[in-house]
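**Student:** any chance you can model this:
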Amino acid sequence: LPYGFQAENPAQREELFGMATGADNCGVANIAEISYSADLECGYGSITRVFQVTDVQGLNSQNTCVQVITVNEVHNYEIFFPEDDDYTCGNEEEPAGVEYNELGCDLLAVTSEDEIFSASGDECYKIFRTWRVINWCEYDGEGD
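**Tutor:** A predicted model of the protein is given here:
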């Protein structure tokens, strides 16, 4: 689905998924999407649209047409971790952080935890930083 897709927008639904066609022995006056439902989580799931034909006499068809759109999940992201680096003692430089791009159906959260060690040489101290990244659209809440 395109970025910014809104399932509740009828114009977007029609543009992306088309419109139904119909026939009636008296002639077709109108074809309308009479309902839709979207079951999307993290951008994937299904969208169901229901259409109905109205003939030229103003009678609605007893038959409806149902379109089910299945949206498969696609995970595509980039994560760039900073390289090891040296800083001058007393200088308040902020170390580089993780950069990431969510290109597919992803919702990334990034945290870090520092372990500080006193140094034995010319260093003031050493920091060992552990990065944790979770993709909420892939994590099931139970797995490692």
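
**Student:** so what strands line up beside the longest strand along the chain?
**Tutor:** Looking across the chain with DSSP state E, the single longest strand is strand 28-41. Strands that pair with strand 28-41, judged by DSSP bridges, come out as strand 44-55 (antiparallel).

**Student:** now do the strand it pairs with: everything it contacts.
**Tutor:** 7, 13, 17, 19-20, 22-40, 60-61, 63-74, 105 (Cβ atoms under 8 Å, 6 or more residues apart in numbering). In short, each C-beta sits where N, CA and C put it, glycine included.

**Student:** buried stuff in that strand?
**Tutor:** With burial defined by 16 or more other Cβ atoms under 10 Å, the residues of strand 44-55 counted as buried are 44, 47, 49, 51-55.

**Student:** ok, stretch 58-78 next?
**Tutor:** 61, 65, 67, 69, 71, 77.

**Student:** between the residues you listed, which sits nearest Glu113?
**Tutor:** Closest approach between the buried residues of stretch 58-78 and Glu113, by Cβ to Cβ: Tyr77, at 21.5 Å.

**Student:** which residue, other than its chain neighbours, is closest to that closest one?
**Tutor:** Spatial nearest neighbour of Tyr77, chain neighbours left out: Asp106 (4.7 Å); criterion: Cβ to Cβ, 6 or more residues apart in numbering.

**Student:** so what's the one you found up against?
**Tutor:** Neighbours of Asp106 in contact, by Cβ under 8 Å, 6+ apart: 42, 75-77, 135, 137-138.

**Student:** show me the buried residues of stretch 58-78 that map onto helices.
**Tutor:** With helices defined by DSSP state H, no entry of the buried residues of stretch 58-78 lies inside them.

**Student:** wait, which of the residues you listed is closest to Gly97?
**Tutor:** Once Cβ to Cβ is applied, the member of those that ends up nearest Gly97 is Tyr77, at 15.9 Å.

**Student:** A strand includes Glu14, no?
**Tutor:** No - assessed with DSSP: H, G, I helix; E, B strand; the rest coil, Glu14 is helix; it does not lie in a strand.
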